[in-house]
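**Q** Need the 3D shape of this:
(chains A and B, ligands or ions: 2)
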Amino acid sequence: MSDTAASPEAGDEDAERRDFLVLAAGGMGVVGAASFAWPLIHSMNPSAEVLALSTVEVDLDPIGEGQSITIVWQGKPVFVRRRTKAEIDEALKGDSADMRDPQKDGDRAQKADWLVMIGLCTHLGCIPLGQKSTDPKGEFGGWFCPCHGSHYDTSGRIRKGPAPKNLPLPPYKFVDDKTILIG
Amino acid sequence: MSTASQWKNPVIRWVDDRLPIFTYMDHEYQQFPMPKNLNYFWNFGALASIVLVVMVVTGIMLAMQYTPHVDYAFDSVERIMRDVNYGWLLRYIHMNGGSMFFIVVYIHMFRGLYYGSYKAPRELLWMLGVVILLLMMATAFMGYVLPWGQMSYWGATVITNLFSAIPYVGDWIVTLLWGGFAVDNATLNRFFSLHYLMPFVLFAVVGLHVVALHMTKSNNPDGIEMKGPQDSVPFHPYFTAKDSVGIGVFLLFFAFFVFFAPNFFGEPDNYIEANPLQTPPHIVPEWYFLPFYAILRSVTIDFWFIPAKLMGVILMFGSILILFILPWLDTAKVRSAKYRPIYKYVFWIFFADCIALGWVGSQPAEGNALILGQVATVYYFVHFILVMPILGKIETPLPLPTSIAEPVTGGGGGTSAGAAAAKMEKS
Ligand code: HEM
Ligand code: FES
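**A** Ligands and ions are numbered 1, 2, ... in the order given. Just a heads-up that it's a prediction; the model follows:
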């Protein structure tokens, strides 16, 4: 590192070489920093033992007509309701109504008797009322979210209030007539 | 506002006129004059800064997964190793980072000892370094307790019990430290809290360290001051580039341990959960505490009215605290060992003494190891209290170069080499 190094009059070729070195070294530095940052960020994602809790089996046998239960799947409440004939008719009638998030009842319930939904209001995440027989069920006889007044019908579709979407459906399948597997 | 015009970009200028961060960065990290003869030992301050950042970042991520409770701490660490995405990587980086930190800082300190960087006008810079060392030790000690393995628990017990050697109030202090009558949940919780706090205190003191450094500028292998622009090069690009090379090599070294020998510096016993009813047969601290541990254990007899236990503690802390007054113990006017024909060897003897103490610390305290430890402990203090003051008076230094530029460029052909050495220093 004497006075002769890197004199400002160095030829174009030198300047190009230096630019290349700066770019190459800088590029490697960015790749290195990113590959250090990624494990740090990814460590905040769900860990293996959280992912391992991703399925839940539900026994439907004890649920009578017109009754609901709430179970926990991935930390969220899932509503399982055995609907009455009247509720199903009401839901089918609703199919043709004007809705914010139009969906047929047939697309929401694999078997008309059983409605399985994630019980979190699509507005800002409160749990709507309507699971207990004594709960207010809103103007459409399904669920009512007390936080900011969203009304869901007997198919869990948003009919009135600020929520943008119908209550979401978790992935589930019937293992047999009396059991479903959520997740 | 004469500096304002320096910035063409209006946004930068607007900010800089109100909060001169750009001017500051330009002044301290672009134009900042560095002696042009620095060798790679001057990389280690930058390396220590990198490790500090890596430790803080990985530590914050680990704290998101860790549970500071005696019933869960050990399991939560195992969960980090097995279940958390890249948890093993975070933990191994943090775990080995502690060792890397001490390797780097010890080299950084021996550099200072060899080249006399602690002497006027850099005494405060050095003393802030000693404060940093003490903070690092406290942080590392408390961090080691967190995984709640056998070594964590018994290390915590032994080290906190050091304070019981203090006359009259010792037991009271230990109970206060523990928050109970043994190392227990309360202890673990406060150690976690403090372990999280200390690195930020470290950051602040490192900041002061750098401010002090930028006041006095760097020392250099010749130990003479920069006398003008011919002696220096700007920090950027010369030292940004040179530090980057050092950082690259260092990260390779670091990564080797993280990926290929992650438990090299560790103790297998710490993978056994803490058991307050069973002490492991051979308790050893982490390697970076070994020399101090050896000093602690080498005191086996009472000194007059001071019991052996207290004396061991005094000497152990004294071995670090004595560094605070080193700038005044060393009476030599010449800084660099390069121009001190006797100190050059004395330095290596002292270095060997520290290594010997480290080895003794890793052995059971008995037989030859104990005797070697006692000899090495005595020499450690003799070095500071007798050798350094006396040597400065009796040693004849070699002639110093007239300027940094002279030996670098070879200019002057040593014409003035015969000129008085020590006197120059004060100029
Ligand atoms: C967290 C730990 C530390 C950090 C981040 C740190 C950082 C730095 C940096 C960036 C420099 C300038 C570059 C260099 O000369 O290497 C420096 C210089 C220095 N440090 Fe430290 N340091 C640390 C610990 C210590 C300790 C423990 C001591 C001594 C007890 C110490 C004593 C010094 C001295 C004397 C200088 C000036 C050296 C010279 O100019 O020759 N430092 N430090
Ligand atoms: S969260 Fe349900 S209405 Fe706002």
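**Q** and residue 146, how many neighbours?
**A** Let's take chain A. Using other Cβ atoms under 10 Å in any protein chain shown, residue A:146 has 14 neighbouring residues. Backbone N, C-alpha and C define where each C-beta goes, glycine included.
**Q** think we crossed wires, I meant chain B
**A** Look at residue B:146: counted by other Cβ under 10 Å, it has 22 neighbours.
**Q** shouldn't it be in contact with residue B:193?
**A** No - Residue B:146 is not in contact with residue B:193 according to Cβ atoms under 8 Å; the separation is 11.0 Å.
**Q** show me where pLDDT drops low in chain A?
**A** A:1-11 (pLDDT under 70).
**Q** Let me see the domain layout of it.
**A** Using automatic domain parsing, the domain parsing of chain A gives A:1-45, A:50-182.
**Q** Same list, these, but as TSV with distance to residue B:344 please.
**A** What follows is those, written out as TSV (distance: least, Cβ to Cβ, whole Å):
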stretch	distance to residue B:344
domain A:1-45	25
domain A:50-182	60
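**Q** Point out the most buried one among the ones you listed.
**A** Of all these, domain A:50-182 carries the top mean neighbour count, a mean of 17, counting by mean count of other Cβ atoms under 10 Å in any protein chain shown.
**Q** you'd agree residue A:65 is up against residue A:87?
**A** No - in this structure, residue A:65 is not within contact of residue A:87 by Cβ under 8 Å, at 9.6 Å.
**Q** interface residues of chain A facing chain B?
**A** A:1-3, A:25, A:29, A:32, A:39-40, A:42-45, A:47-50 (Cβ under 8 Å from any Cβ of the partner chain).
**Q** make it 7 Å
**A** Within chain A, the positions near chain B by Cβ under 7 Å from any Cβ of the partner chain are A:1-2, A:39-40, A:42-45, A:47-49.
**Q** Leaving out chain neighbours, which residue sits closest to residue A:146?
**A** Excluding the flanking residues, the one nearest residue A:146 by Cβ to Cβ, 6 or more residues apart in numbering or on different chains is residue A:129, at 6.0 Å.
**Q** oh, I was asking about residue B:374
**A** In space, residue B:374 is closest to residue B:298, 4.6 Å off (Cβ to Cβ, 6+ apart).
**Q** quick one, phi/psi of the one you found?
**A** Dihedral pair for residue B:298: phi -80, psi -10, per degrees, to the nearest 10.
**Q** can you pull the contacts of it?
**A** B:370, B:373-374, B:377 (Cβ atoms under 7 Å, 6 or more residues apart in numbering or on different chains).
**Q** give me that answer again for 6 Å
**A** The contact partners of residue B:298, taken as Cβ atoms under 6 Å, 6 or more residues apart in numbering or on different chains, are B:373-374, B:377.
**Q** from the residues you listed, which single one is nearest ligand 1?
**A** residue B:377 (20.0 Å; Cβ to the nearest ligand atom).
**Q** Can you tell me the element that closest one falls in?
**A** helix B:367-382 (DSSP states H and E).
**Q** cool, residue B:171 as well?
**A** helix B:170-178.
**Q** For that helix, list every residue counted as buried.
**A** B:170, B:174, B:177-178 (16 or more other Cβ atoms under 10 Å in any protein chain shown).
**Q** could the residues you listed go into JSON lines alongside pLDDT and distance to residue B:152?
**A** As requested, the buried residues of helix B:170-178 are exported to JSON lines (pLDDT from 0 to 100; distance: Cβ to Cβ, whole Å):
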{"residue": "B:170", "pLDDT": "94", "distance to residue B:152": "23"}
{"residue": "B:174", "pLDDT": "96", "distance to residue B:152": "18"}
{"residue": "B:177", "pLDDT": "96", "distance to residue B:152": "15"}
{"residue": "B:178", "pLDDT": "96", "distance to residue B:152": "14"}
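**Q** Which two of these have the greatest separation?
**A** B:170 and B:178 (12.7 Å; Cβ to Cβ).
**Q** Tell me how far the closest residue to ligand 1 within the stretch 51-200 of chain B lies from chain A.
**A** Nearest residue of the stretch 51-200 of chain B to ligand 1: residue B:129, at 2.2 Å (Cβ to the nearest ligand atom). Separation of residue B:129 from chain A (Cβ to the nearest Cβ, to the nearest Å): 27 Å.
**Q** Now for that residue, how many residues are close by?
**A** Count around residue B:129 with other Cβ under 10 Å applied: 26.
**Q** quick revisit: which one among the buried residues of helix B:170-178 gets closest to residue B:221?
**A** Closest to residue B:221, out of all of the buried residues of helix B:170-178 and judged by Cβ to Cβ, is residue B:177, at 43.9 Å.
**Q** Which residue, other than its chain neighbours, is closest to the closest residue to ligand 1 within the stretch 251-400 of chain B?
**A** Closest residue of the stretch 251-400 of chain B to ligand 1, Cβ to the nearest ligand atom: residue B:323 (5.9 Å). Of all residues not flanking residue B:323 in the chain, residue B:130 sits nearest, at 4.7 Å (Cβ to Cβ, 6+ apart).
**Q** so the one you found is in which element?
**A** With DSSP H and E as the test, residue B:130 turns up in helix B:123-145.
**Q** How about residue B:294?
**A** helix B:290-298.
**Q** Okay, buried residues for the helix or strand following that helix please.
**A** Downstream of helix B:290-298, the first helix or strand assigned by DSSP H and E is helix B:308-321. Using 16+ other Cβ under 10 Å as the test for burial, helix B:308-321 gives B:309-316, B:319.
**Q** same check, this time on stretch B:19-37
**A** B:22-23, B:26, B:32, B:34-37.
**Q** Out of the residues you listed, the closest to residue A:159 would be?
**A** residue B:22 (57.5 Å).
**Q** sorry, back to before: let me have the buried residues of stretch B:19-37 in JSON lines, extended by secondary structure, pLDDT and distance to ligand 2.
**A** Shown next, in JSON lines, are the buried residues of stretch B:19-37 (DSSP: H, G, I helix; E, B strand; the rest coil; pLDDT from 0 to 100; distance: Cβ to the nearest ligand atom, whole Å):
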{"residue": "B:22", "secondary structure": "helix", "pLDDT": "93", "distance to ligand 2": "46"}
{"residue": "B:23", "secondary structure": "helix", "pLDDT": "93", "distance to ligand 2": "50"}
{"residue": "B:26", "secondary structure": "helix", "pLDDT": "92", "distance to ligand 2": "52"}
{"residue": "B:32", "secondary structure": "coil", "pLDDT": "94", "distance to ligand 2": "56"}
{"residue": "B:34", "secondary structure": "strand", "pLDDT": "96", "distance to ligand 2": "60"}
{"residue": "B:35", "secondary structure": "strand", "pLDDT": "96", "distance to ligand 2": "65"}
{"residue": "B:36", "secondary structure": "coil", "pLDDT": "94", "distance to ligand 2": "67"}
{"residue": "B:37", "secondary structure": "coil", "pLDDT": "95", "distance to ligand 2": "68"}
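**Q** So which residues of the chain form strands?
**A** Reading this off chain A. Remark: strands assigned in chain A by DSSP state E are A:56-59, A:68-73, A:76-82, A:114-118, A:141-145, A:150-153, A:158-160, A:172-176, A:179-182.
**Q** let's do chain B instead
**A** Under DSSP E, chain B gives strands at B:33-35, B:232-234.
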